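>>> Got a predicted structure plus its sequence, pasted below:
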Amino acid sequence: NAGVTQTPKFQVLKTGQSMTLQCAQDMNHEYMSWYRQDPGMGLRLIHYSVGAGITDQGEVPNGYNVSRSTTEDFPLRLLSAAPSQTSVYFCASRYRPTDTQYFGPGTRLTVL
Amino acid sequence: KQEVTQIPAALSVPEGENLVLNCSFTDSAIYNLQWFRQDPGKGLTSLLLIQSSQREQTSGRLNASLDKSSGRSTLYIAASQPGDSATYLCAVERGGADGLTFGKGTHLIIQP
């Protein structure tokens, strides 16, 4: 199993540009989440999904969109990038709500 | 709102020492508590998961305890090694699908 994969590893955007961060898992996990990690702030939940077609907001959802058309994939879309979205983004998945979460390697995003 | 605090923020000790990392949380209504390890530029790796009904979990040289009523957990590392150098994150789960609340981590350096 590849586990949780994320692409790209690094990305630089200009303010106002849009992009999609990709996340995929091959463990048949129903539950997937997106977190951002900022210095001094810890990891914070952006959006999560409990299965294909079902998503909900986390702690810091503004400026981000998600959709879940398949069990395997959970992309995160930045509609109009802002410097405040400069961060490291982690995708995670698990089989049940209270199981251990498996994290991807992260995407380091810089918005100029 | 759940808040998770980790003390100390940073720790540097010589190789071979036993050490304790601390985690406290404000809302004792948790489903489980997890300890993660994060190496620089990498994702998170789950170390131990303690269910709310448990008092401790052990894996090799690691032992994690949980006192839910007082809102505290400790991670004990025995006979520390340079390879243990990393950031250790504590996170609590409240039982829904909406993910974990993380502390800011303890940055650990083991001196050879």
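That came in fine, so what should we check first? Residues are numbered from 1 along each chain as shown, chains lettered A, B, ... in the order given.
>>> what's the neighbour count on residue B:22?
Using other Cβ atoms under 10 Å in any protein chain shown, residue B:22 has 15 other residues around it. (C-beta placed from N, C-alpha, C; glycine too.)
>>> what's near enough to touch it?
B:6-8, B:72-74 (Cβ atoms under 8 Å, 6 or more residues apart in numbering or on different chains).
>>> The helix or strand of chain B with the lowest mean pLDDT: partners in the sheet, and parallel or antiparallel?
Using mean pLDDT, DSSP states H and E, strand B:100-102 stands out as the lowest-scoring helix or strand of chain B, at a mean of 91. When pairing is defined by DSSP bridges, strand B:100-102 lines up against strand B:86-93 (antiparallel).
>>> Just the C-alphas of the partner strand, formatted as PDB.
Output of strand B:86-93 as PDB, limited to C-alpha atoms (Å, rounded to 0.1, in the frame of the first residue of the first chain):
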ATOM      1  CA  ALA B  86      11.900  14.900  16.500                       C
ATOM      2  CA  THR B  87       8.800  16.900  17.400                       C
ATOM      3  CA  TYR B  88       6.300  15.100  19.500                       C
ATOM      4  CA  LEU B  89       2.600  16.000  19.100                       C
ATOM      5  CA  CYS B  90      -0.300  15.200  21.400                       C
ATOM      6  CA  ALA B  91      -3.800  15.200  20.000                       C
ATOM      7  CA  VAL B  92      -7.300  14.500  21.500                       C
ATOM      8  CA  GLU B  93     -10.300  13.100  19.800                       C
END
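>>> May I see the buried residues of that strand?
Neighbour-count burial for strand B:86-93, counted by 16 or more other Cβ atoms under 10 Å in any protein chain shown, picks out B:86-93.
>>> any residues touching that strand, and which ones?
The contact list for strand B:86-93 (Cβ under 8 Å, 6+ apart) reads A:42-43, A:97-98, B:2, B:4, B:6, B:21, B:23, B:25, B:30-40, B:44, B:47, B:73, B:75, B:99-103, B:105-108.
>>> possible to save the buried residues of strand B:86-93 as JSON lines with pLDDT?
Formatted as JSON lines, these follow (pLDDT from 0 to 100):
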{"residue": "B:86", "pLDDT": "97"}
{"residue": "B:87", "pLDDT": "96"}
{"residue": "B:88", "pLDDT": "98"}
{"residue": "B:89", "pLDDT": "97"}
{"residue": "B:90", "pLDDT": "97"}
{"residue": "B:91", "pLDDT": "95"}
{"residue": "B:92", "pLDDT": "93"}
{"residue": "B:93", "pLDDT": "88"}
